[in-house]
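Student: here's a sequence, model it:
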Amino acid sequence: MIEVVGIQKSFGDVAAVRDISFSISKGEVVGLLGPNGAGKTTTMRILTGYLTADTGRAVIAGENVATHSLAARRKIGYLPESAPLYTDMEVTAFLSYVGRLRGIPSDQIHAAIGKVVASCGLRSVVGRDISELSKGYKQRVGLAQALIHEPEVLILDEPTSGLDPNQIIEIRKLITDLGRERTVILSTHILQEVEAMCGRALIMRQGRIVGQGTLSELAALRTGKAHYTALIRAAEKSIREEIDQCHGLALHGIRAVDGNEWQHVELTGAANGNDGEKIFQWVVANGWQLRELRAEAASLEDTFRELTQ
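Tutor: Take a look at the predicted model:
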C-alpha cells in the first residue's frame, strides 16, 4: 500500500530526508520513530503530496504521489500534528464541509458523517462547536475528518501529542481498531506509542532510516552487549577474583542480598553469544550455588538510544 524508494529532500543546505526506502502492506500499523528533527514530518508531508521530494519515488495504493497526486491523495487520510479544524464550526457541520471537499456525493454525506461519528466516539459532542471540545475530542474530530472518505491509507503525525493519559489510551485504542482495516503509518518520538499500537517500526536519525522491523527484530539490531543477572551464593570478593574465569563476560555490578550470603550479580557479554551456559559452568566450577539466572531482554528504549545517539 505504501512504497518509498530513495526519497531525498533538502531545504537549502539542510538535508531533511536522505535516501530513505521502505514499504508498508495493507493492514499494518507502522510507527515512524525518531528524535525531534529526524525527518519524520518531512517524510509524511512527502507521502501526502504536501511536499515534493527532490529525488526518489513514493507510491500510495498504486498511485505515484508526484505524477498522480490527486489520485494518490484520494486514497489518503491525513492528520497533521496540529489538527486542521475550523473551531467556530459545529462538529457535524465541519465533517460535512470536509466530506464535500473530499467529493462525497450529497446523498451520501449524512451516512458518511454517521459512520465516522460512531467509529471515532463523537456521539456525545454532536451539536457542539469544536472550540468547546477538549483536546482529546478535537483530536477525535481530526481523525474523523481524515476518515470520512474511507481512505485506504492513514497518515498520522504525532496523533497523541498534548493529550492527557486517559485521552492517550482512548486514541491508541481507536488507531489500533482503525488499523485492522487500513494501512496506518504514524510518526512519534514517544516509544510507548510504538509498543502500544504498532506491529513494526522505522527508526530515523538525521534524515536516514537507521533501523526497521518488528520490535523483536529491532532489539536484535542493538550494537551493545547482552545483559544477564544472576543470584549467586558466594562471597563478593570471590566473585570479583574469579570473574576472569568466565571467559568473554564482564562484571557490570554486584550487591549483597539476604545478609551478604547471596550476591546479585550483573554481567555483560556478547550480543549474540551463548553466555547463559558460560555463567552456569563458571558458578559450578567455583562450587557456588546459583538460585537465579536471567537474560535481560533488550527494550525498544535501548535500541532507540543506541541507534539515534
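
Student: tell me if I'm right that Leu133 and Gly142 touch.
Tutor: No: in this structure, Leu133 is not within contact of Gly142 by Cβ atoms under 8 Å, at 10.7 Å. Heads up, the C-betas are built off the backbone N, CA and C, glycines and all.

Student: so between those two, which is more surrounded?
Tutor: Set Leu133 next to Gly142 and count neighbours by other Cβ atoms under 10 Å: Gly142 wins out with 23 against 18.

Student: give me the secondary structure label for the residue nearest to the more buried one when sequence neighbours are not counted.
Tutor: Of all residues not flanking Gly142 in the chain, Ala83 sits nearest, at 3.1 Å (Cβ to Cβ, 6 or more residues apart in numbering). Three-state call for Ala83 (DSSP: H, G, I helix; E, B strand; the rest coil): coil.

Student: count the neighbours of Ala83 for me.
Tutor: 20.

Student: so it sits against Lys138, correct?
Tutor: Yes: look at Ala83 against Lys138 with Cβ under 8 Å: they come within range, at 5.8 Å.

Student: helices of the chain, start to end?
Tutor: Along the chain, counting by DSSP state H, helices occupy 40-48, 69-73, 91-101, 106-119, 135-147, 165-178, 191-197, 215-219, 236-242, 275-285, 300-308.

Student: go through these and name the closest to Gln206.
Tutor: Ranking the helices of the chain by proximity to Gln206 (Cβ to Cβ) places helix 300-308 first, at 8.7 Å.

Student: and that closest one, what does it pack against?
Tutor: Of the remaining helices and strands, those touching helix 300-308 by 3 or more Cβ pairs under 8 Å, 6 or more residues apart in numbering; DSSP states H and E are helix 191-197, strand 200-205, strand 208-214, helix 215-219.

Student: send me the worst-scoring helix or strand of the chain on mean pLDDT as CSV with only the CA atoms.
Tutor: Using mean pLDDT, DSSP states H and E, the weakest-scoring helix or strand in the chain turns out to be helix 215-219, at a mean of 76. Extracted in CSV, the C-alpha atoms of helix 215-219 (Å, rounded to 0.1, in the frame of the first residue of the first chain):
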residue,chain,number,x,y,z
LEU,A,215,10.1,-4.8,17.8
SER,A,216,11.9,-8.1,18.3
GLU,A,217,13.9,-7.6,15.1
LEU,A,218,14.8,-4.1,16.2
ALA,A,219,16.0,-5.4,19.5
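
Student: buried set for that helix?
Tutor: Within helix 215-219, the residues scored as buried using 16 or more other Cβ atoms under 10 Å are Leu215, Leu218, Ala219.

Student: ok, now which ones touch Ile20?
Tutor: Ile20 makes contact with Val4, Gly6, Ile7, Gln8, Gly39, Thr43, Gly56, Met204, Gly207, Arg208, Ile209, according to Cβ atoms under 8 Å, 6 or more residues apart in numbering.

Student: most neighbours, which of these?
Tutor: Thr43 (30 neighbours).

Student: from the contact counts, what lies against the least confident helix or strand of the chain?
Tutor: Applying 3+ Cβ pairs under 8 Å, 6+ apart, one finds that helix 215-219 contacts strand 200-205, helix 300-308.

Student: what does that helix rub up against?
Tutor: Contacts for helix 215-219 (Cβ under 8 Å, 6+ apart): 194-195, 198, 200-201, 203, 211-212, 297-300, 302-303.

Student: what's the domain layout of the protein?
Tutor: 2-219, 226-297 (automatic domain parsing).

Student: the closest residue in space to Leu51 that isn't next to it in sequence and Gly39, how far apart?
Tutor: Leaving aside its sequence neighbours, Leu51 sits nearest to Arg45 (Cβ to Cβ, 6+ apart; 4.3 Å). If you measure Arg45 against Gly39 using Cβ to Cβ, to the nearest Å, the figure is 10 Å.

Student: also Asp107?
Tutor: With Cβ to Cβ as the criterion, Asp107 and Gly39 are 43 Å apart.

Student: cool, Gly142 as well?
Tutor: Counting by Cβ to Cβ, the gap from Gly142 to Gly39 is 23 Å.
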